[in-house]
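Undergrad: can you look at this prediction? I've put the sequence above it.
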Amino acid sequence: MAAYPSTSAFGTRILAMDTGGPEDLDVNYFLILDNVRARGVAVGPRQDFLVAESVYYLPVGNNKLFILSREVFVVLCLEERCPPAPVGSSSMEWSRQDIPEPPFNARDVASYAMHPDGRTFLFSTKKKDASEATFAFDTEELLWKRLGNWALPLAGRGYFDPHLDAFVGLSDDPDTLGQLYCCYAVPGSDNGDRAPEWKLCKEKLFSDDDPAKRHVNATLVHMGCHGKFCLVLCVYVQDDEDDTADHQPLIDEHGVLRLPPGCRRLYRLTTFSLSHDNNGDLTTGKSRQVHYYKVPKATTNCFVAEGPVAFWI
């Protein structure tokens, strides 16, 4: 493959997909699925579509995966064979369906989340002209609907937590980098400029007592329920004698990650529980636990720049 495979998870399966350009699409390439529960690897459907950039993987239940990119919007579905398969053959089969294109460019997506109804995805877009909008996609009716001229204040994926009755995600504002937002009562129909209410968590989760550590990218993972989350942060530790790295940008003008030579790369995992204190403010309290893990030496800077890949299965 000419590019690094992109990954997603749905049910107990982790999927690997080629994200190369049109000239790299191999008609003989099939999706690879690692079933974590069964501890086995299986071959999925043929990948006859492109997902070169701005890719969003949207799992629904244990058998559907919606894939939205600038090039395509499809759903992969794993269902029981009908009529039943012959003895000795797999009882499941894959199907693929093209979905109506969204009323926005996938490049403009700033955040997205699954609605608590379990069937509706929310997408917030922000364009270069500063205009904002939020759309809903019904995965059963396969219909799009515009909710309003506002955007969730989240960076990337958000998660609905029933314990908090709110969507939770990392802040997309540089002034509140490393903090979390809770968004409440997302409306179900177009309401113009009336955005939902939200609160900012008091603690900054990117902070570290060691000034030699700088963060590269982060991924927030929801751990099921009860306000429990895990923040996977990629950091690098610079040489004590290198006092110039603090002032150098990590990403160059071409979007390529440039780390100082000889630095060490680490994954910083922070598990915590979110709740409201006596004043109604959002806080992690004393629940945070931090662990560090070495990034494998074979991991390229290109892979690290895309952000840690993490799932809760």
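TA: Okay, I see it. Residues are numbered from 1 along each chain as shown.
Undergrad: so, low pLDDT: which residues of the stretch 151-300 of the chain?
TA: 187-193, 207-213, 238-262, 300 (pLDDT under 70).
Undergrad: rerun that using 90 as the cut-off
TA: 172-175, 177-178, 184-197, 202, 204-218, 224-227, 233-268, 280, 292-300 (pLDDT under 90).
Undergrad: how about the strands of it, start to end?
TA: Counting by DSSP state E, counting those that start in this stretch, the stretch 151-300 of the chain has strands at residues 156-157, 159-161, 166-170, 180-184, 197-200, 213-222, 228-237, 264-273, 275-276, 282-283, 289-294.
Undergrad: send me the third one as PDB with only the CA atoms.
TA: Extracted C-alpha coordinates of strand 166-170, given in PDB (Å, rounded to 0.1, in the frame of the first residue of the first chain):
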ATOM      1  CA  ALA A 166     -24.200  15.800  27.700                       C
ATOM      2  CA  PHE A 167     -21.700  15.500  24.800                       C
ATOM      3  CA  VAL A 168     -18.100  15.600  25.900                       C
ATOM      4  CA  GLY A 169     -15.000  16.400  23.800                       C
ATOM      5  CA  LEU A 170     -11.700  18.300  23.700                       C
END
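Undergrad: note down every partner strand of that strand and its orientation.
TA: strand 159-161 (antiparallel), strand 180-184 (antiparallel) (DSSP bridges).
Undergrad: could you chop this protein up by domain?
TA: 1-99, 108-200, 210-313 (automatic domain parsing).
Undergrad: now mean neighbour count too, for those domains, in TSV please.
TA: For every residue, glycine as well, the C-beta is placed using N, CA and C. Formatted as TSV, the domains of the chain follow (neighbours: other C-beta atoms under 10 Å):
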stretch	mean neighbour count
domain 1-99	15
domain 108-200	17
domain 210-313	14
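Undergrad: hang on, Met17 packs against Ala9?
TA: No: assessed by C-beta atoms under 8 Å, Met17 is found out of contact with Ala9, at 11.9 Å.
Undergrad: all helices of this structure, in order?
TA: 301-305 (DSSP state H).
Undergrad: so which residue is smack in the middle of it?
TA: By C-alpha atoms, centre = their mean, the mean C-alpha position of the chain lies nearest to Arg157, the distance being 4.5 Å.
Undergrad: in the sheet, who's paired with that one?
TA: Assigned bridge partners for Arg157, using DSSP bridges, are Tyr112.
Undergrad: thanks again, I'm all set now.
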